[in-house]
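Undergrad: What shape does this take:
(chains A, B, C and D)
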There are 2 protein chains.
Amino acid sequence: MSQSVPRRRAPRNSLSAELIVDRALALLDDKGIDAFSMRALAEELGVGTMALYTYFRGKEELFKAARDRVLSTYQPPSTSGSWDEQLRALCLSMYELFTGRPSVLQLLAEGKAEGDFADAASVTMEQVVRLLCGSGLDRQAAARAAGTLIGFTIGSALRQVRECHAEGGPAAQAELMRHRFAILSPERHPALIDLAPELTLAREDGEGQYTFGLGLILCGLRDLAAAAAPRP
Amino acid sequence: MSQSVPRRRAPRNSLSAELIVDRALALLDDKGIDAFSMRALAEELGVGTMALYTYFRGKEELFKAARDRVLSTYQPPSTSGSWDEQLRALCLSMYELFTGRPSVLQLLAEGKAEGDFADAASVTMEQVVRLLCGSGLDRQAAARAAGTLIGFTIGSALRQVRECHAEGGPAAQAELMRHRFAILSPERHPALIDLAPELTLAREDGEGQYTFGLGLILCGLRDLAAAAAPRP
DNA sequence: ACCTGAACACCGTTCAAGT
DNA sequence: ACCTGAACACCGTTCAAGT
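TA: Have a look, this model is predicted:
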């Protein structure tokens, strides 16, 4: 007679911090952060739950390791061109890193993996800050611009990731949005109803939405830099 | 001998959906979404946990009720001036609504309270879209601009809210940030270290950071509108 | 050192029961 | 209708024990 399928235990010493992080990232990217649990991860690895605690103090520490794993594999692009073109390339590559690895983004955004950042992240920050400081902005404006660019990038990536992890996927989300528009009263919300098709499309095209917003911010920065350092 | 302080039960029929939402919001704003639980809320109200289920199907529905409560009390400001000045005022008032009610923002951002929006929210959206459509932008640009403004506002408010709910509060967060800068190598991150004071300040001043970014976006929109509808 | 199972203190929710 | 307690299926983590 068949056993209750207890997924035969992995042989001793076959476990490692690396392997655990690998599987954790796979589980995270696959099912999302809400479906993640130490117990489920252990099950996946074919070990008892507490085996994980030999390698990590707890869930939090495992999350930080997962975050660092992804961030440390990140290669900032080598850029060229004017400072704003370089900023655009840097931000876009960050956006792609995040949307390509939804799990880590969720960890960062929900504050589950706070702590000292991996080196790759600070290298990119360094580039961003250097470009901004060389653009003619004063120090305060440069600092705030850095915050705006990073925040906008993370926020935009986060929105798209949530769209994908939401039940039913993007298709269902779009349907839900159409329904919301459908129940609005035409007298009170004429402009909203009129623009509904474009609004729905914009929401579906996360990357287009992001590049549009990024363009606006960079345009604002160019104007600001030009005003701060006018042609002599 | 004293009882185990079972917080004497509330009299029968003293409970209501209103009262539950009230307390839920208080608990949420006070301790944050992570510390919230149906059990804790019931305890706070002096009733058994299951009493809540007489008024709400479950946690999700309670969250939606809490969200709607807050959004329906929101009064969009009456604006005047040019379209971009009006947009600025609308966005700022949304930002203040959210940062004033951290709990609801977290519900919205973490997708815990999805569903049809309250009326007040769509009234504001209507205004935003109307202003954008009247600015000279084409339809697609108007839709994307709306997405950018809303997304940036929610994202910025969320960052500030998390800053406040993080352990130790803003002060501890700033200290942590200084520490992060302190451990960077001066050879590899000269610009970052040089701008550290301003970056720390910018992070502490959430509202200043937001208005700065909003200004950049609006500046970009003005340029775009001017290019789309040049003087005849 | 590496891994285990039992146990503890939580959680949301179902269910049968009481008023 | 309104509210209860017991129970179920989860969760992260502690702890004593096994190899």
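Undergrad: Helices of chain A, start to end?
TA: Listed in chain order, the helices of chain A (DSSP state H) span A:17-31, A:38-45, A:59-72, A:83-100, A:102-109, A:119-133, A:139-165, A:169-182, A:190-194, A:196-204, A:206-228.
Undergrad: would JSON lines of those with mean neighbour count and mean pLDDT be doable?
TA: No exception for glycine: its C-beta is placed from N, CA and C like everyone else's. Shown next, in JSON lines, are those (neighbours: other C-beta atoms under 10 Å in any protein chain shown; pLDDT from 0 to 100):
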{"stretch": "helix A:17-31", "mean neighbour count": "17", "mean pLDDT": "94"}
{"stretch": "helix A:38-45", "mean neighbour count": "16", "mean pLDDT": "97"}
{"stretch": "helix A:59-72", "mean neighbour count": "19", "mean pLDDT": "92"}
{"stretch": "helix A:83-100", "mean neighbour count": "19", "mean pLDDT": "94"}
{"stretch": "helix A:102-109", "mean neighbour count": "23", "mean pLDDT": "80"}
{"stretch": "helix A:119-133", "mean neighbour count": "21", "mean pLDDT": "89"}
{"stretch": "helix A:139-165", "mean neighbour count": "22", "mean pLDDT": "90"}
{"stretch": "helix A:169-182", "mean neighbour count": "13", "mean pLDDT": "82"}
{"stretch": "helix A:190-194", "mean neighbour count": "17", "mean pLDDT": "95"}
{"stretch": "helix A:196-204", "mean neighbour count": "19", "mean pLDDT": "93"}
{"stretch": "helix A:206-228", "mean neighbour count": "19", "mean pLDDT": "96"}
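Undergrad: Switch those over to JSON lines; also include distance to residue B:210.
TA: Shown next, in JSON lines, are the helices of chain A (distance: least, C-beta to C-beta, whole Å):
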{"stretch": "helix A:17-31", "distance to residue B:210": "30"}
{"stretch": "helix A:38-45", "distance to residue B:210": "37"}
{"stretch": "helix A:59-72", "distance to residue B:210": "26"}
{"stretch": "helix A:83-100", "distance to residue B:210": "18"}
{"stretch": "helix A:102-109", "distance to residue B:210": "17"}
{"stretch": "helix A:119-133", "distance to residue B:210": "18"}
{"stretch": "helix A:139-165", "distance to residue B:210": "9"}
{"stretch": "helix A:169-182", "distance to residue B:210": "26"}
{"stretch": "helix A:190-194", "distance to residue B:210": "24"}
{"stretch": "helix A:196-204", "distance to residue B:210": "22"}
{"stretch": "helix A:206-228", "distance to residue B:210": "13"}
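Undergrad: Distance to DNA strand C added to those helices, as CSV?
TA: Formatted as CSV, the helices of chain A follow (distance: least, C-beta to the nearest atom of the strand, whole Å):
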stretch, distance to DNA strand C
helix A:17-31, 9
helix A:38-45, 7
helix A:59-72, 13
helix A:83-100, 29
helix A:102-109, 19
helix A:119-133, 26
helix A:139-165, 18
helix A:169-182, 20
helix A:190-194, 32
helix A:196-204, 27
helix A:206-228, 29
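Undergrad: okay but residue A:40 is in contact with residue A:26, surely?
TA: No: taking C-beta atoms under 8 Å as the definition, residue A:40 is not a contact partner of residue A:26, at 11.7 Å.
Undergrad: got a list of what residue A:49 touches?
TA: Residue A:49 sits next to A:38, A:39, A:42 when contact means C-beta atoms under 8 Å, 6 or more residues apart in numbering or on different chains.
Undergrad: quick revisit: among the helices of chain A, which is nearest residue B:60?
TA: helix A:169-182 (15.0 Å; C-beta to C-beta).
Undergrad: now for that closest one, which elements pack on it?
TA: Helix A:169-182 sits against helix A:139-165, helix A:196-204, with contacts defined as 3 or more C-beta pairs under 8 Å, 6 or more residues apart in numbering or on different chains; DSSP states H and E.
Undergrad: anything in the longest one sitting right up against chain B?
TA: When you say that, I think you mean helix A:139-165. Yes: on the criterion C-beta under 8 Å from any C-beta of the partner chain, helix A:139-165 is in touch with chain B at A:139-148, A:151-152, A:154-156, A:158-159, A:162.
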